[in-house]
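> Make a model of this:
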Amino acid sequence: MNDPKPLPAEAGLEVRSHFVRGRNALVTRADFGDLYVDYYLHQGQHGYQHDPFHDELFKQALAAITLHCASRPWNESSAWTIHLQAPLLNLFVAGDNRLSTVVGQLFTENVKADAAQIFLADVVRGNEAPQRSAVDFTGNDIFRAVERYYLQSEQRVGRFFSFGPEDFVFISAQPQCDLQWLEKLTVEEIQMLDSSEQLSLLEIRSYRWECGCTQERMMAVLASVMKSDPEGLFGEDPVIRISCPRCGARHKITREALEAYVGAEEGK
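Model prediction:
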């Protein structure tokens with residue numbers, strides 16, 4: 001952990017991490033109001049809108065991965081894919097500690113209706129090979145699904161608490177944690193944690209909503225298809241529209257621009 005130091009407001013969402021002395025637990029907390037505003041502005045910018053209930057589930061997942069990332073090493077990135085049956089949708093969220101970014105998208109089309117509910121976690125730390133784990137879960141409470149992931153894959157206790165619709169706390173067990181205390185914690189006790197326990201501020205991290213998808217990256221995705229079947233890709237249309245699978249941003253790609261991109265790549 002770095003030495004704690006305040007960040008400027010424009011740096012993004014502020015997540016504070018505290019160590020609970022005598023309990024050996026890590027607390028990460030943030031108010032996600034500003035990040036949710038960025039998410040809705042992104043929707044408006046790209047002209048799409050989700051069902052309000054689906055949005056609430058997505059925002060839970062976005063908060064969960066942000067607090068999770070804030071509790072992890074600086075050189076680690078995580079991506080979660082959460083498949084739900086009721087409602088029928090897939091949630092995708094990702095966080096990168098190296099870039100201090102979080103992003104995500106939800107999908108309601110081409111989702112398998114007869115599949116088991118699965119929580120997939122992909123983790124990359126430094127230059128190590130990616131690691132994947134899969135955990136099944138019940139219900140549609142995203143925080144409870146992440147808690148199950150912690151028990152099954154992380155093999156330790158992690159618990160989420162809500163202070164309000166946009167204010168969340170995550171407490172994760174560290175070595176020699178007082179598990180009996182952590183497992184029995186109530187919302188009321190969490191609200192009194194500052195006065196009932198000895199907390200040490202470890203770090204303040206900043207996260208912002210950002211994907212990094214660009215026209216060039218979208219063309220890189222389409223390049224191989226353009227080389228093999230340009231007519232199948234464009235047909236008689238001079239423009240195709242493609243959505244970023246990470247954030248839902250909508251990009252317009254002209255045939256002329258893609259031809260120029262492919263030509264430049266082949267000329268290297």
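> Between its first and last residues, how far does stretch 132-140 reach?
Stretch 132-140 has an end-to-end distance of 22 Å (criterion: C-alpha to C-alpha, to the nearest Å).
> buried sites along it?
Residues 135, 137, 140 are the ones in stretch 132-140 that count as buried (16 or more other C-beta atoms under 10 Å). No exception for glycine: its C-beta is placed from N, CA and C like everyone else's.
> do stretch 102-117 as well
When burial is assessed from 16+ other C-beta under 10 Å, stretch 102-117 yields the following buried residues: 102, 103, 104, 105, 106, 107, 117.
> I would like the residues contacting the helix or strand hosting the third one, please.
Assigned by DSSP states H and E, residue 104 falls within strand 101-107. Contacts to strand 101-107, defined as C-beta atoms under 8 Å, 6 or more residues apart in numbering, come from residues 35, 50, 54-55, 57-58, 61-62, 65-66, 69, 89-96, 207-212, 244-248.
> isn't residue 133 right next to residue 121, touching?
Yes: the pair residue 133 and residue 121 passes the contact test of C-beta atoms under 8 Å, sitting 5.1 Å apart.
> between these two, what contacts are shared?
Shared contacts of residue 133 and residue 121 (C-beta under 8 Å, 6+ apart): 149, 153.
> what's the domain layout of this protein?
The chain is divided into the following domains under automatic domain parsing: 9-74+137-209, 215-266.
> Pipe these into CSV and attach distance to residue 113 and mean pLDDT per row.
CSV is the format used below for the domains of the chain (distance: least, C-beta to C-beta, whole Å; pLDDT from 0 to 100):
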stretch, distance to residue 113, mean pLDDT
domain 9-74+137-209, 15, 95
domain 215-266, 20, 87
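> deepest of these, which one?
Neighbour counts averaged per stretch over the domains of the chain are highest for domain 9-74+137-209, at a mean of 17; criterion: mean count of other C-beta atoms under 10 Å.
> now stretch 181-189: how far from the chain's centre is it?
Taking the mean C-alpha point of stretch 181-189 and that of its whole chain, the gap between them comes to 26 Å (C-alpha atoms, centre = their mean, to the nearest Å).
> pLDDT for the buried residues of stretch 102-117 - can I get that in JSON lines?
Output for those, formatted as JSON lines (pLDDT from 0 to 100):
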{"residue": "102", "pLDDT": "98"}
{"residue": "103", "pLDDT": "97"}
{"residue": "104", "pLDDT": "96"}
{"residue": "105", "pLDDT": "95"}
{"residue": "106", "pLDDT": "95"}
{"residue": "107", "pLDDT": "94"}
{"residue": "117", "pLDDT": "96"}
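> Give the next helix or strand downstream of the longest helix along the chain.
In the chain, with assignment by DSSP state H, the single longest helix is helix 52-70. On the C-terminal side of helix 52-70, the closest following helix or strand by DSSP H and E is strand 76-85.
> neighbouring strands for that next one, and are they parallel or not?
According to DSSP bridges, the neighbouring strands of strand 76-85, each with its direction, are strand 88-96 (antiparallel), strand 118-125 (antiparallel).
> Phi, psi for residue 46 please.
According to degrees, to the nearest 10, the main-chain angles of residue 46 amount to phi -110, psi 10.
> Look at residue 128 and report its pLDDT.
At residue 128 the predicted local confidence, pLDDT, stands at 92.
> how close does it get to residue 193?
With the distance defined as C-beta to C-beta, to the nearest Å, residue 128 ends up 34 Å from residue 193.
> and residue 188, that one's in a helix?
Yes: under DSSP: H, G, I helix; E, B strand; the rest coil, residue 188 falls within a helix.
> which stretches of the stretch 151-268 of the chain form helices?
Secondary structure of the stretch 151-268 of the chain, counting by DSSP state H, counting those that start in this stretch: helices at 179-184, 187-191, 193-196, 215-228, 230-234, 255-266.
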